[in-house]
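**Q** no FASTA, just this:
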Ligand code: MN
Ligand code: ZN
């Protein structure tokens, strides 16, 4: 029923008001005469209008739109038709009449001129043009293989189903997908392997995408979606699975929603027997999901129509990985939510620079002061040195000021260190010492009778480097040679004996707990400022972290000012040093003990 003159006037006023509001935030060129474009001024995503609802109403008028636009976060939407005449049919039938607005409000419409360039129409773009890294391979399998795959998945077998999800049936193969953590337990492979029929998929995949030849998935999740069922928007856990994620659609087609972190929303139609490859940005930087509803809006012959959903079964193939993610999409990334992963990433990426800035440079600066505080040898180290037979060649890796080099006059003691300022102290004391990196010792293999490395290896930033330091010691030792290694212990109260380090806590002679400053601190470097993600330790307290920066306060000349230097430490857990040594071939651990706040290992190279 057409509107009365009065009603038309009243609605006209309301529309003008809406146009004014919209034109403040978007540049629509409104038109009083019909164009092929209609904006619905008072209904959109934020008023709860569904695309399907408006499409159904338009289709009821006997026409179909070429495009429906639902801008994110807006209370308006728009329709595009093939001609102004078609648009006019919808305008006259629905403007001021259809009660699809919020709380049953009537829709207010206006024509507008489309000022976009032709290439701004996203209608005919392929999935990879819409979402970078997304590949949709149509008719990837034939109906025969589809039937075989469905049979192999056996989704009607009630016993085999897992994770009784509220909204859909799932079944896992290879590894169980754990919905609590959205991860898998890599140590618990399932007895139910991926059906061998799937191997045909990888042969086809290699033919079509040779760059994915290496990609043989080891985890499969089969989802069964009845009409009305969906899956919430999510990103497959970054750190748990490699790139890409592969999804094969069986049964009926369905629309999948993709959203990026800036709110961009795109719908990709997944036809039956198509293969969806989510790689790169589409895998890491976009969420994907299926809206639970019974219909989808689909494009047919360049106009939009509604498709009823039917049973769909999807095979999602993933390949496990066990390294933290290194992507740039931090808000979607589990690795960046996990502080220790971030630290380990940071340490791996910056190991040499960190050791240079927070070990080598610092020891050079504090060498004199440090040396003055390091005079009394630890008794158990002394015992080891005294036990060496006369004429033995000793190498002290990281000898510092050389406090162990002169203890046994009957042996040949060599020292090495990275700090040339500390080496100067050694030279002044007439010791044999040279500058080198403990990761590459400048000594022949099997040329040394005994090694000590006291409080050195804990300055290396990654486990790989700490292991390498031990490998070097093992290499230079002769068969049957001995090495004594000391590293700082995380638990300074182990064996309920406080280390001298903790006893020096002058405040109350009782270590306060939980006082590592986990703040993100700014540490000035030479010519740039770097944000350190490592916690700074409060001296003379229990360690709260394994990788941290330990301050060294240095009196600045005669002035009262103190300069603080930060030394990097990896403090060891109990048994960590034993395990590290055990991972190196050709040695046997003779003794392992706790001494002076350190974990200590005495090992022997095999004869
Ligand atoms: Mn997924
Ligand atoms: Zn990531």
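**A** Everything's here; your move. In this text the structure is predicted, and so the values were computed from the model without any measurement. Ligands and ions are numbered 1, 2, ... in the order given.

**Q** what bridges to the nearest residue to residue 311 once chain neighbours are set aside?
**A** Spatial nearest neighbour of residue 311, chain neighbours left out: residue 251 (4.9 Å); criterion: CB to CB, 6 or more residues apart in numbering. The way it works is simple: take the backbone N, C-alpha and C, and place the C-beta from them, glycine included. Residue 251 has the following beta-bridge partners by DSSP bridges: residue 312.

**Q** so what strands line up beside the longest strand along the chain?
**A** Assignment by DSSP state E gives strand 477-488 as the longest strand of the chain. Using DSSP bridges, the strands paired with strand 477-488 are strand 448-454 (parallel), strand 598-605 (antiparallel).

**Q** follow-up on the earlier one: would you confirm that the residue nearest to residue 311 contacts residue 313?
**A** Yes. Residue 251 is within contact range of residue 313, at 4.9 Å (criterion: CB atoms under 8 Å).

**Q** neighbour count winner among the two?
**A** Shown here are residue 251 and residue 313; by other CB atoms under 10 Å, residue 313 has more neighbours (21 against 16).

**Q** tell me how many other residues crowd whichever residue of the stretch 451-600 of the chain sits closest to ligand 2.
**A** Going by CB to the ion, ligand 2 is nearest to residue 533 of the stretch 451-600 of the chain, at 16.3 Å. Other residues near residue 533 number 16, with proximity taken as other CB under 10 Å.

**Q** make 565 the starting number, not 1.
**A** Right, with 565 as the first residue, what we last looked at is residue 1097.

**Q** which non-adjacent residue is nearest it?
**A** residue 910 (5.2 Å).

**Q** tell me how the chain divides into domains.
**A** According to automatic domain parsing, the chain comprises the domains 569-684, 691-890, 901-1055+1137-1169.

**Q** please compute how far the last one lies from its chain's middle.
**A** Read that as domain 901-1055+1137-1169. In this view, domain 901-1055+1137-1169 has its centroid 34 Å away from the chain centroid, taken as CA atoms, centre = their mean, to the nearest Å.

**Q** quick one, what contacts the residue nearest to residue 875?
**A** The contact partners of residue 815, by CB atoms under 8 Å, 6 or more residues apart in numbering, come to 714, 836, 874, 875, 876, 877.

**Q** let's verify the residue nearest to residue 1097: helix, strand, or coil?
**A** Put simply, residue 910 is helix when judged by DSSP: H, G, I helix; E, B strand; the rest coil.

**Q** could you do residue 667 as well?
**A** Residue 667 - assigned by three-state DSSP - is helix.

**Q** hmm, who's touching stretch 826-838?
**A** Contacts of stretch 826-838 (CB under 8 Å, 6+ apart): 634, 636-637, 686, 691, 694-695, 698, 700-707, 710, 811-823, 840, 860-863, 876.

**Q** make that stretch 581-597, sorry
**A** Under the contact criterion CB under 8 Å, 6+ apart, stretch 581-597 has outside partners 603, 605-606, 635, 638, 640, 648, 672, 674-677, 679.

**Q** ok, 7 Å please
**A** The set of residues external to stretch 581-597 that reach it, using CB atoms under 7 Å, 6 or more residues apart in numbering, is 603, 605, 606, 640, 672, 674, 675, 676, 677, 679.

**Q** mind listing what's buried in it?
**A** 582, 583, 586, 592, 594 (16 or more other CB atoms under 10 Å).

**Q** for stretch 661-672, same thing?
**A** For stretch 661-672, a neighbour-count test (16+ other CB under 10 Å) marks 661, 662, 664, 665, 670, 671, 672 as buried.

**Q** is it true that the second one touches residue 621?
**A** Yes. Applying CB atoms under 7 Å as the test, residue 662 and residue 621 come out as touching, 5.8 Å apart.

**Q** ok, back up a step: most widely separated two among the contacts of residue 815?
**A** 714 and 874 (13.7 Å; CB to CB).

**Q** rewinding a little: show the pLDDT at the residue nearest to residue 875.
**A** The model reports residue 815 with a pLDDT of 95.

**Q** low-confidence bits of the stretch 665-814 of the chain, can you list those?
**A** Scanning the stretch 665-814 of the chain for pLDDT under 70 picks out 681-688, 721-731.

**Q** and the residue of it nearest ligand 2?
**A** residue 802 (3.3 Å).

**Q** ok, that residue - contacts?
**A** Taking CB under 7 Å, 6+ apart as the test, what residue 802 contacts is 848, 889, 891, 897, 898, 899.

**Q** want to throw these into CSV with neighbour count and distance to ligand 2?
**A** What follows is the contacts of residue 802, written out as CSV (neighbours: other CB atoms under 10 Å; distance: CB to the ion, whole Å):
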residue, neighbour count, distance to ligand 2
848, 22, 5
889, 23, 3
891, 18, 3
897, 22, 3
898, 17, 7
899, 20, 5
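
**Q** need the residues of the protein near ligand 2, please.
**A** 802, 889, 891, 897 (CB under 5 Å from the ion).

**Q** would you confirm that the third one contacts residue 900?
**A** No. With the criterion set as CB under 7 Å, residue 891 and residue 900 do not qualify as a contacting pair; they are 8.4 Å apart.

**Q** residue 621 versus residue 599, what's the distance?
**A** 20 Å (CB to CB, to the nearest Å).

**Q** any chance you could map the helices in the stretch 615-764 of the chain?
**A** 615-623, 648-658, 691-694, 707-717, 763-772 (DSSP state H, counting those that start in this stretch).
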